[in-house]
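In: predicted model, plus sequence, below.
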Amino acid sequence: MKMKQLLLLTLFILGSFTMQAQTAKSIDKAQVKSDKLAVLWTSGDPDVAHKVCLMYTHAAKKMKWFNEVVLIVWGPSSRLLATDKSLQKKVKQMKEDGIKVRACIVCANMYGVTDELKQLGVEVLPMGVPLTNYLKEGYHTLTF
C-alpha cells in the first residue's frame, strides 16, 4: 500500500511540474509575440508625468523597445496635460516620434478640457472599448 501511495505522489508531483512548465512556455510565447505597449496615464501628479510616465513611454518608442506605443490620457492626467505647457511640448514630440496619443472623452468632458486636448492633436474619443481591445489583443500595459 505504501508503494502505491508513493507512486501516486510521485506521479502527482511530476504532473504538476509538467503543467507549470507548459504554462510558463505559453506565457513566454505570448510575451515574445507582443511588440505593442499601451500606457494608461491617469495621474494628475506632474512629477509622475515628467519623471516616470512620459519619460518611459517616449523611450519605449525611441529606443525601439516596442514597435507600437499608445499613450492613453485618462482621468486627472487630461486636466494636467491641458494646462501644463511643458507636458504639451513633450507630448507633441512623442506624437512626432510615432506614439499614438489618445484621451478619454468622458474624462476630458468632466474636466472641461476636450477642446484643449483636441487642439494639441490628441485623439479624444470613448476609450473603454479601445482599452479593452488593447488588453484582449495582448498589448503590454502600464498604468501611471
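Out: Right, received. Where do you want to start? Numbers count the residues shown, from 1 in each chain.

In: point out where this protein drops to low pLDDT.
Out: By pLDDT under 70, the low-scoring segments of the chain are 1-33.

In: what's the domain layout of it?
Out: Domain assignment for the chain by automatic domain parsing gives 1-32, 34-143.

In: out of those, deepest packed?
Out: Sort these by mean neighbour count, taking mean count of other C-beta atoms under 10 Å, and domain 34-143 sits at the top with a mean of 17. Every C-beta, even on glycine, is put in place using the N, C-alpha and C of the backbone.

In: and that domain, how far apart are its ends?
Out: 17 Å (C-alpha to C-alpha, to the nearest Å).

In: one more: stretch 100-116?
Out: With C-alpha to C-alpha as the measure, the ends of stretch 100-116 fall 17 Å from one another.

In: contacts for it?
Out: Residues outside stretch 100-116 that contact it (C-beta atoms under 8 Å, 6 or more residues apart in numbering): 68-76, 78-79, 81-83, 91, 94-95, 117, 121-127, 130.

In: can you give me the strands for the protein?
Out: 36-41, 68-73, 100-104, 123-125, 140-143 (DSSP state E).

In: quick check: beta-bridge partners of the closest residue to residue 72 other than its chain neighbours?
Out: Sequence neighbours aside, residue 40 is the residue nearest to residue 72 in space, at 5.0 Å (criterion: C-beta to C-beta, 6 or more residues apart in numbering). Listed beta-bridge partners, residue 40: residue 72, residue 143 (assigned using DSSP bridges).

In: same thing with residue 101?
Out: Per DSSP bridges, the residues bridged to residue 101 are residue 71.

In: and it, how far from residue 57?
Out: As judged by C-beta to C-beta, to the nearest Å, residue 101 and residue 57 stand 9 Å apart.

In: now for the two: what residues contact both?
Out: Shared contacts of residue 101 and residue 57, counting by C-beta under 8 Å, 6+ apart, come down to 71, 94.
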